[in-house]
Structure formats: structure tokens, C-alpha cells
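S.K.: take this sequence and fold it.
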Amino acid sequence: MRKTLLATAIACFFPFAAHAQDRPFRTTNVETVPAGDLRAEVGFDFLQDVGFPLSGLRGDETSVGVINLRMGISKIAEIQVEGAIQNFLDVKSRGASFVPDLSLTGVNSTHDTGDFTLATKIRIIKPSEKKPGLAFRFGFIMPNSNQARGIGTNTTNVFAMVALEEQLQKLKLMGDLGLEILQAPNALFTQNDVLMYGAGFSYPIHKRVNVVGEVNGLYSSRNINTALIGTQSTGQARFGLQINAGGFTWDLAGIRGLNKYDARSGFTFGVTKEFHLFDYNRLQ
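M.R.: Numbers count the residues shown, from 1 in each chain. Model prediction:
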């Protein structure tokens, strides 16, 4: 009886949602978190042979505490906070540095807090069998990193995008397209406007298992000179699984970089849980 009551309490206080999960996607989906709910995603990333052109460092990066907190504030809108609590870089090689006061935390290693993003997503059209879904997402990236540590750029960037989602029987397709304004870290009063893009899919191979994949990144049409260093094209391809088990959604995906300074390979692992915070209808 005690076990039954405990299981019932857990089910009431930690309701499980099996739809519209983001991890391991970086591509924006259309669905928003239900009003009054908080969806917490926590992950771990490992990237092999990734480059940082501003500091000239190259090596293996480990991101611990990659979080994404999404809270539904209405039936069609949510707010989102995402970032990495700590990034660790095992330095394999060094090139020309554009950071005059570069100060690593170790002889051949460094670590720093990641930049955090604050964003809002508004669902305009809900996906259905007759028409695709449409959403609008906008926000800014805060300069939490310290460029002297060699990992971040310590810049403030803003972005806006539209997201589409189509359900073709069991296959779910999603894509986003937008604009991000990157502050140039190596020159005053300079910016680079880059194209944001993403395309992904999700297909169930079991009632608790989805195969997922995506291509996502930023594209710069400008030649990256000294003034624009650190605003180059970046991108990743991801392929993996989402597994619903034990009241959580677990995910695991392999990563392949698409550009010169992107990681040669890597993987991401994470878990997602949804919590009910307040009754939105009662507040109405």
C-alpha cells in the first residue's frame, strides 16, 4: 500500500509529457509548453576537436549542465532560458589569438560559464492533419562568458525566427529560419547579420522510442576578416534517439560539425521532465 501511495504521489506531482520534447534538437518546434507547466531539460555534451578562432584555441570541449527551462505562460506562449552551467576545454593546439589578456585556468585547459539565452516563443498556428503549424521565436544571448578564458566571446546577440512543423502520419518534420545579429568581439561598432537555419525529423520506431535527426546552424555570407572574427558560420548535424522511460524522456545523439571550426565529432546525452507549477485556468 505504501508503494502504491508513493507511486501515485509521484505521478501527481511530476506529470510526464511525451510530446513536443526539444532535446536533443536545437531546431525550434512549434508546440509550446502547456500553460502553468515547466519543462526542464538537463544535458551533457562532448565535442571533439572544436575550434575557437577568437582565442586561437582548439581542443575537446565538455559542457556540463546544459539546461533548457521552458515555462508555459499562456495557451500559445512560453518563455525559455537555456545555456551551459560550465564549459571545459582540453586544449590540443593554439593559433593566433585576438584576445590581448588571454588567461587560461590551467596549463593546457580552461573552463568558463556558457552564454545564456532568454527567449519567447508564440504559437501562431497549431499543427493539424490539414495544415502545418507555425510559431515565432525571438530573444537575445547574454554575455555571460569571459573572453579571457578562451571559450566565449563575451558579446550580446539578438535573434528572431519563424518555425514550421508538419505531421505526415507518424513522421514529424520541423524547420526554422531566421536572422541573428552577432556583435563582432574584435571591433567596436561592428556586427555580422547571419542566417539561422534548422531542419529536423522525428519518427517513432516503438511506442516509447523515437528516432530523431537534424541539421542546424548559422550561415554567414560575408568573408570573415579580422574585424568579424568569431562571427563565422557554424553548424551541427545530429542523429539519435528519444526514449520515454521511468517518467522521464531520455535522449542520446551523435554530433558532426559542418564547418571549419565546428567539432569533428561528438555526442550529447540528456533527460527531460515536466512539472506542473500552477493552474492557469484558475488564474483566468
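S.K.: now the helices for the stretch 151-284 of the chain?
M.R.: 280-283 (DSSP state H, counting those that start in this stretch).
S.K.: where does pLDDT dip in it?
M.R.: Residue ranges of the stretch 151-284 of the chain with pLDDT under 70: 284.
S.K.: ok, and the closest non-adjacent residue to M71?
M.R.: L38 (4.8 Å; Cβ to Cβ, 6 or more residues apart in numbering). All C-beta atoms are positioned from the backbone trio N, CA, C, and that covers glycine.
S.K.: likewise for G217?
M.R.: Using Cβ to Cβ, 6+ apart, the nearest residue to G217 is G235, at 2.5 Å.
S.K.: list the contacts for K172?
M.R.: 165-166, 201-203 (Cβ atoms under 8 Å, 6 or more residues apart in numbering).
S.K.: which stretches of the stretch 1-150 of the chain have low pLDDT?
M.R.: 1-21.
S.K.: please enumerate the strands of it.
M.R.: 37-52, 57-72, 77-94, 109-112, 117-125, 133-141 (DSSP state E, counting those that start in this stretch).
S.K.: which strands and helices sit next to the longest one?
M.R.: Judged by 3 or more Cβ pairs under 8 Å, 6 or more residues apart in numbering; DSSP states H and E, strand 77-94 is in contact with strand 37-52, strand 57-72, strand 109-112, strand 117-125.
S.K.: against F136, how distant is M71?
M.R.: Here the criterion is Cβ to Cβ, to the nearest Å. By it, M71 lies 17 Å from F136.
S.K.: more neighbours: the two, which one.
M.R.: M71 (21 against 17; other Cβ atoms under 10 Å).
S.K.: isn't the more buried one up against P34?
M.R.: No - using Cβ atoms under 8 Å, M71 makes no contact with P34, being 10.0 Å away.
S.K.: ok so, going back, what is the burial count for the residue nearest to G217?
M.R.: 17.
S.K.: hang on, it packs against A199?
M.R.: No - using Cβ under 8 Å, G235 is not in contact with A199, being 11.2 Å away.
S.K.: what's the overlap in contacts for those two?
M.R.: 215-216.
S.K.: tell me the bridge partners for the spatially closest residue to P132 that is not a sequence neighbour.
M.R.: Nearest residue to P132, sequence neighbours excluded (Cβ to Cβ, 6+ apart): E166, at 4.3 Å. Beta-bridge pairing for E166 (DSSP bridges): L173.
S.K.: how many neighbours does E166 have?
M.R.: 16.
S.K.: contacting residues for it?
M.R.: 127, 132-133, 172-174.
S.K.: and which of the residues you listed is nearest to N157?
M.R.: M174 (22.8 Å; Cβ to Cβ).
S.K.: grab the nearest non-local neighbour of that closest one.
M.R.: The spatial neighbour of M174 that comes closest, neighbours along the chain excluded (Cβ to Cβ, 6+ apart), is E165 at 4.7 Å.
S.K.: wait, that neighbour sits on K126?
M.R.: No - counting by Cβ under 8 Å, E165 sits too far from K126 to count as a contact (9.4 Å).
S.K.: please enumerate the shared neighbours of those two.
M.R.: 30, 133.
S.K.: more neighbours, those two?
M.R.: More neighbours surround E165 than the other of E165 and K126, with 24 against 16 (other Cβ under 10 Å).
S.K.: for L283, what are its contacts?
M.R.: L283 makes contacts with G36, as judged by Cβ under 8 Å, 6+ apart.
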